[in-house]
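S.K.: Could you look at this predicted model? Sequence included:
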Amino acid sequence: MDVITGPVISILLIALNLYTWVVIIGVILSWLVAFNVVNTSNKFVYMVGDFCYRATEPLLGRIRNFLPNLGGLDISPVVLILGLVFLKEFLIRLAHKIV
């Protein structure tokens, strides 16, 4: 069973790390667009922003439904990253227990 679960857990950990970076890039890019540092009329910036939005918005939208309204402060990416860290730690401990 270790032959299958070890690589599967490794792939899941890599996917979670990549998704964490997509969330971070999306947040930073949204700040840069909000402060007019970069412009979405640039095709590359638009493509990166659109990808990050489409990849993260389903989870961030669900998290925003449960969080209280804090005015202009959106802490849903922080909650999502904390959830991803928790999930990564869970998978690491599960992998150590299996091996």
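M.R.: Received the coordinates, thanks. The shown structure was predicted, so the numbers you read here are calculated from the model rather than taken from an experiment. Residues are numbered from 1 along each chain as shown.

S.K.: Tell me which stretches of the protein form helices.
M.R.: 2-34, 43-66, 76-98 (DSSP state H).

S.K.: Can you list the helices and strands that the first one packs against?
M.R.: It refers to helix 2-34. With contacts taken as 3 or more Cβ pairs under 8 Å, 6 or more residues apart in numbering; DSSP states H and E, helix 2-34 sits against helix 43-66, helix 76-98. Placement of C-beta: from N, CA and C, glycine included.

S.K.: Those into JSON lines, with extra columns for mean pLDDT?
M.R.: JSON lines is the format used below for the helices and strands packed on helix 2-34 (pLDDT from 0 to 100):
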{"stretch": "helix 43-66", "mean pLDDT": "96"}
{"stretch": "helix 76-98", "mean pLDDT": "93"}
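
S.K.: Switch those over to JSON lines; also include distance to Val8 and mean neighbour count.
M.R.: What follows is the helices and strands packed on helix 2-34, written out as JSON lines (distance: least, Cβ to Cβ, whole Å; neighbours: other Cβ atoms under 10 Å):
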{"stretch": "helix 43-66", "distance to Val8": "21", "mean neighbour count": "13"}
{"stretch": "helix 76-98", "distance to Val8": "10", "mean neighbour count": "13"}
